[in-house]
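A.B. asks: got a predicted structure plus its sequence, pasted below:
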Amino acid sequence: MSVQMTNAEIANQLRNLGALLEIGGEPGFRTAAYRKAAEQIEALAESLSEIRAKGELENIPGVGKAISEKIGSLLDTGHMKALDEITEKIPLSVIELLSVPDVGPKRAALLFESGGITSLVALREAATSGALANIPGLTEKAAAKLTATLATMAEPDTRMPLPMARRLGLDLIQHLRAAYSGIEKIELGGSVRRFKETVGDLDIVSSGKDPNAMVAAFSTLPLVARVEMLGENRCRVQMQSGQSADLRVVPGEQWGSLLHHFTGSRLHNMKLRERSLDLGWSMSEYGFRKGEELVSFSTEEELFAFLGMDFIPPPMREEAGEIELAAKHQLPKVVGIDGLRGDLHMHSTWSDGVNSTEEMARAAIARCYEYICLTDHSRGLGIANGLDAERLMQQRVEIDHVNTLVAPFRVLQGVEVEVMNDGSLDLADDVLAKLDLVIASVHSGTRRGKESTTMRAIKAVQHPLVDILAHPTGRILGSRGPGDFDIPAILEAAAAAGTAVEINGSRVDLSDFNTKAALAAGCTIEIGSDAHSTEGLNEIDYAIGTAQRAWVTPDRVLNALPLEKMLASLKRNRPS
DNA sequence: GCCGTTTTCGGCCCGACTGTTTTCAGTCG
């Protein structure tokens, strides 16, 4: 028996089947069903083989009898008959043509059937040799445009990591503000606003009195390399950096409708529009239409209220059951930034941070926190000017002093202690016992085999003086892949020991997927910025976004508790 | 191919841009 296919691989096969059928001329509704099912499968937190073992494949939205049988066949044999059959007529590589802008199923079919083009490489060759112009059904102008598109096309399927996309988008907004003064509201929409880990292109939503003027200013920004599309109130450009960005502008009274529309997800929007139709209204980015009547809203809150639903936070808009629950007013109230009482993971000038204890405290007060915990590095992490027992005592004196200045706000003393190669900690127990809270981190040697790396993390979470396991996977989204950790085993050990696991804002370490797994395992969640400066406290946004994607409620979050209750809940303070 | 507190059959989201199609198909977000 071959190695069992992953959810992503199965989703990919279903997507391929849908695409090939569509190129082959199959009606859209049938082929869209495969794509829908694929998108749902990609978002699952459980493997298809486990779901199948429970006989629950058809409970997945978009999966019915036919697709569940195909999934079964893929799990058992690695193949499905329908795909094998269609690829005899249309090679799999023809799907590559769909990655070219302005090439959809119809044009891909034309290129393949009339031009004999079977791949992206073949298409590029045909463009270079001039063979495109000879394809019957493709006009001279269309061939020329296609050739130009191929020359400037970014690599297919290059999605940006979220932090990079968000920085790029905010930068673009800043440039637009400098170039055009008539902006009323402006925000990043799309998958950035939903805090999806990777982002395809940037969506900017805006309101202003003169959409035309704003679009014109946008299309001529120096950051823009090429205008892909230009309309009355919209514009799509390719930036110098290679990524694409869309701008949409509406009058302020339609802001809520547009923001919702451009936040997505696509499937969420489709489902919500179906629900709207049931209520007799056709829903679009401009509002709700019934005959001549158009009802618009300036906020998303009003939009959801009009449909008789709870407000759905953007990260939850993935068509994963949130619409049905919101309609029944049973949507879980997920943790938000206003639900956090404090931030428990940050660094100061005592180790590798750039701001002092008092500066961090004042910045946290400005954010309406009630407490913070300084968790500077222990000495074992050589690069970071880590603390030993002696310097921790000095730091305690300073923290006590700062607390007299900022009361009733409280600065706690913690440490981010290094987990050594044998799983022991970098500081002695009597030192750790004097602190308010201890975070353990496996920083180095995380690629030396799953067994030893996992053993170190498990020993750490089982240590009676470790309260939180920081960044459990070792990943830094966009720059470093995860270490060799057996995450399910670590989560189980953390839950059993009563040690919280962290969603780390700076690293975006724990994915929405792993956060769901942590909840299912019974773990307490800590949401931390891992700030190394006062500005770094903002990185908490990424952790909150991830928590909301995983539907984390405040009752599962350590630092959603007021100070005394938070401290009392730490396992070091619990009667054993 | 999926789906149903109006449907187990007959629907399936909406609007805009592009091109050469004088009324719409294809593509996209």
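C.D. replies: That came through, no problem.

A.B. asks: OK, contacts around the spatially most central residue of chain A?
C.D. replies: In chain A, the centroid-proximal residue (CA atoms, centre = their mean) is residue A:196; its distance is 2.0 Å. Going by CB atoms under 8 Å, 6 or more residues apart in numbering, residue A:196 touches A:162, A:549. From N, CA and C alone the C-beta is placed, and that goes for glycine too.

A.B. asks: next: residue A:73.
C.D. replies: Contacts of residue A:73 by CB under 8 Å, 6+ apart are A:79-81.

A.B. asks: quick one: buried ones out of those?
C.D. replies: Neighbour counting over these (16 or more other CB atoms under 10 Å) leaves residue A:80 as the buried ones.

A.B. asks: including pLDDT, secondary structure and distance to residue A:7, could the contacts of residue A:73 go into CSV?
C.D. replies: Formatted as CSV, the contacts of residue A:73 follow (pLDDT from 0 to 100; DSSP: H, G, I helix; E, B strand; the rest coil; distance: CB to CB, whole Å):
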residue, pLDDT, secondary structure, distance to residue A:7
A:79, 94, coil, 17
A:80, 95, coil, 15
A:81, 95, helix, 21
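
A.B. asks: if I look at the residue lying closest to residue A:476 once chain neighbours are set aside, how far off is residue A:98?
C.D. replies: Leaving aside its chain neighbours, residue A:476 sits nearest to residue A:507 (4.6 Å; criterion: CB to CB, 6 or more residues apart in numbering). Relative to residue A:98, residue A:507 is positioned 34 Å away (CB to CB, to the nearest Å).

A.B. asks: three-state assignment of the residue in the stretch 351-500 of chain A that DNA strand B sits nearest to?
C.D. replies: Per CB to the nearest atom of the strand, the residue of the stretch 351-500 of chain A with the smallest distance to DNA strand B is residue A:478, at 22.0 Å. Assigned by DSSP: H, G, I helix; E, B strand; the rest coil, the conformation of residue A:478 is coil.

A.B. asks: tell me who's in contact with the closest residue to residue A:511 other than its chain neighbours.
C.D. replies: Closest residue in space to residue A:511, ignoring its immediate chain neighbours: residue A:197 at 6.4 Å, by CB to CB, 6+ apart. Contact analysis of residue A:197 by CB under 8 Å, 6+ apart lists A:161-162, A:477, A:508, A:511-512.

A.B. asks: now the buried members of those.
C.D. replies: Buried members of those, counted by 16+ other CB under 10 Å: A:162, A:477, A:508, A:511-512.

A.B. asks: nearest to residue A:349 among those residues?
C.D. replies: Checking the buried ones among the contacts of residue A:197 against residue A:349 with CB to CB, the nearest one is residue A:508 at 25.1 Å.

A.B. asks: distance of the closest one relative to residue A:253?
C.D. replies: 36 Å.

A.B. asks: now do residue A:304
C.D. replies: Residue A:304 is 17 Å from residue A:253, by CB to CB.

A.B. asks: and those two? which has more neighbours close in?
C.D. replies: Set residue A:304 next to residue A:253 and count neighbours by other CB atoms under 10 Å: residue A:304 wins out with 21 against 13.

A.B. asks: what's the helix or strand bottoming out on mean pLDDT in chain A packed up against?
C.D. replies: One helix or strand of chain A scores below all others by mean pLDDT, DSSP states H and E: helix A:140-152, with a mean of 89. Packing partners of helix A:140-152 (3 or more CB pairs under 8 Å, 6 or more residues apart in numbering; DSSP states H and E): helix A:120-129.

A.B. asks: identify all contacting residues around the helix it packs on.
C.D. replies: Here helix A:120-129 has contacts from A:93, A:96-97, A:99-100, A:111, A:115-117, A:131-132, A:135, A:143, A:146-147, A:150, A:156, using CB under 8 Å, 6+ apart.

A.B. asks: buried stuff in it?
C.D. replies: Using 16+ other CB under 10 Å as the burial criterion, the residues of helix A:120-129 that qualify are A:120, A:122-124, A:126-127.

A.B. asks: quick check: beta-bridge partners of residue A:235?
C.D. replies: Using DSSP bridges, the bridge partners assigned to residue A:235 are residue A:230, residue A:247.

A.B. asks: give me the neighbour count for it.
C.D. replies: Other residues close to residue A:235 by other CB under 10 Å number 24.

A.B. asks: list the contacts of it.
C.D. replies: Taking CB under 8 Å, 6+ apart, one finds A:215, A:218-219, A:227, A:229, A:246-247 in contact with residue A:235.

A.B. asks: any chance of those residues in CSV, with neighbour count too?
C.D. replies: CSV is the format used below for those (neighbours: other CB atoms under 10 Å):
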residue, neighbour count
A:215, 23
A:218, 27
A:219, 17
A:227, 14
A:229, 12
A:246, 19
A:247, 25
